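Participant: kindly generate the corresponding structure for this input.
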Amino acid sequence: MTRARSVAIAAVAAALTVGLLPAAASASAAPARPAAAPHHAYAAPIHQVVLQGAVNVRDLGGYRTYDGGQVRYGVAYRADALNKATDPDLSTLARLGLREVVDFRVPLELQYDGPDRLPAGVAPTSRPVTDSGLYAQTLSAIGSRDPATQDAMLGHGRAEALMRAEYRAFVSDPAARAQFGATLKDVASSRGPVLFHCTSGKDRTGWESYVLLRAVGVPAATAEQDYLASNGFRAAADAGLRAGLKQAGIMQNPDLLIPLQEVRSDYLNAALTQLSSQYGDLYGYLTRGLGLTLGDLTALRTHLVP
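Facilitator: Sure, this is the predicted structure:
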């Protein structure tokens, strides 16, 4: 083994120890850093890729890690669906030099929304991740056009419960784990930039982004900031959808959709609680759940954090 590879493995092992073990276990292994340093000190301005046909497209680069590194720009991108990408958007995406675009949408989403529009030479990789029937249930509620039915399906905490169930399934569903794991391995391969997305770019994409950032040593609070940022990027489009449904007489109370449109720490915590119950910690989820080896994790770290 070369010295460079030995150093890289040692670095990623240290980052995983500090970043992924429960707080009580990692406290004694914390790096020499001022105890009072707030987590937001590691945050970086979010780099949005501005498109006309999608609102939540971002570069995952720029975030600081526990050991003072910085996630490289231009390696991993997160997005909402690209089926409405315009011709100018295709030019913007082409400039990113994407090697792969991973689509987490299930067949029903593709049926209603349509396939991605991508630059020439880039074909989508379909890796459907369960949404626990959320898309179908939302369509059913909206399509009923009946306020009582919509309230019964989505009101009184039911929408929030649906979201928590979806997030738990990100961890518990074997097929979902396989798709998330394969995508992380693609990012680690270093053959070129990878973009992954779902419909709104906030839940399946948000979870994968959170896991990726944590896997390379980005603090939990910073990774959660990236996750929650979807609310800001999606706010105008989501409000416009609600207004349109009300104006068309399809929903009397479109605010029933807000819990489905937003990301919330409560939803993320549902996945993390499932992860803790099923795997003990994030390292267990990455290795036993997603099937990543120490070599995969080392490659991910060295590729994303120079």
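Participant: show me where the stretch 51-200 of the chain has helices.
Facilitator: Assigned by DSSP state H, counting those that start in this stretch, the helices in the stretch 51-200 of the chain fall at 87-95, 107-113, 134-144, 147-154, 158-172, 174-188.
Participant: kindly report the same for the stretch 201-306 of the chain.
Facilitator: Assigned by DSSP H, counting those that start in this stretch, the helices in the stretch 201-306 of the chain fall at 204-215, 220-228, 230-247, 258-261, 265-279, 282-284, 294-304.
Participant: which of the ones you listed is buried the deepest?
Facilitator: helix 204-215 (a mean of 25; mean count of other CB atoms under 10 Å). The way it works is simple: take the backbone N, C-alpha and C, and place the C-beta from them, glycine included.
Participant: give me the angle between it and helix 220-228.
Facilitator: Counting by axes from the mean of the first three to the mean of the last three CA atoms, to 10 degrees, helix 204-215 lies at 160 degrees to helix 220-228.
Participant: got the CA coordinates for helix 204-215 in CSV?
Facilitator: Extracted in CSV, the C-alpha atoms of helix 204-215 (Å, rounded to 0.1, in the frame of the first residue of the first chain):
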residue,chain,number,x,y,z
ARG,A,204,-34.9,11.3,-1.2
THR,A,205,-32.4,13.8,-2.6
GLY,A,206,-32.2,15.6,0.8
TRP,A,207,-31.5,12.3,2.7
GLU,A,208,-28.9,11.2,0.2
SER,A,209,-27.2,14.6,0.4
TYR,A,210,-27.2,14.6,4.2
VAL,A,211,-25.7,11.1,4.2
LEU,A,212,-23.0,12.0,1.7
LEU,A,213,-22.0,15.1,3.6
ARG,A,214,-21.9,13.3,6.9
ALA,A,215,-19.9,10.4,5.3
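Participant: returning to that earlier point: among the helices of the stretch 201-306 of the chain, which is nearest residue 186?
Facilitator: Closest of those to residue 186 is helix 294-304, at 10.2 Å (criterion: CB to CB).
Participant: got JSON lines for the helices of the stretch 51-200 of the chain, with distance to residue 250 and mean pLDDT too?
Facilitator: Formatted as JSON lines, the helices of the stretch 51-200 of the chain follow (distance: least, CB to CB, whole Å; pLDDT from 0 to 100):
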{"stretch": "helix 87-95", "distance to residue 250": "28", "mean pLDDT": "98"}
{"stretch": "helix 107-113", "distance to residue 250": "15", "mean pLDDT": "96"}
{"stretch": "helix 134-144", "distance to residue 250": "6", "mean pLDDT": "96"}
{"stretch": "helix 147-154", "distance to residue 250": "9", "mean pLDDT": "98"}
{"stretch": "helix 158-172", "distance to residue 250": "17", "mean pLDDT": "98"}
{"stretch": "helix 174-188", "distance to residue 250": "31", "mean pLDDT": "98"}
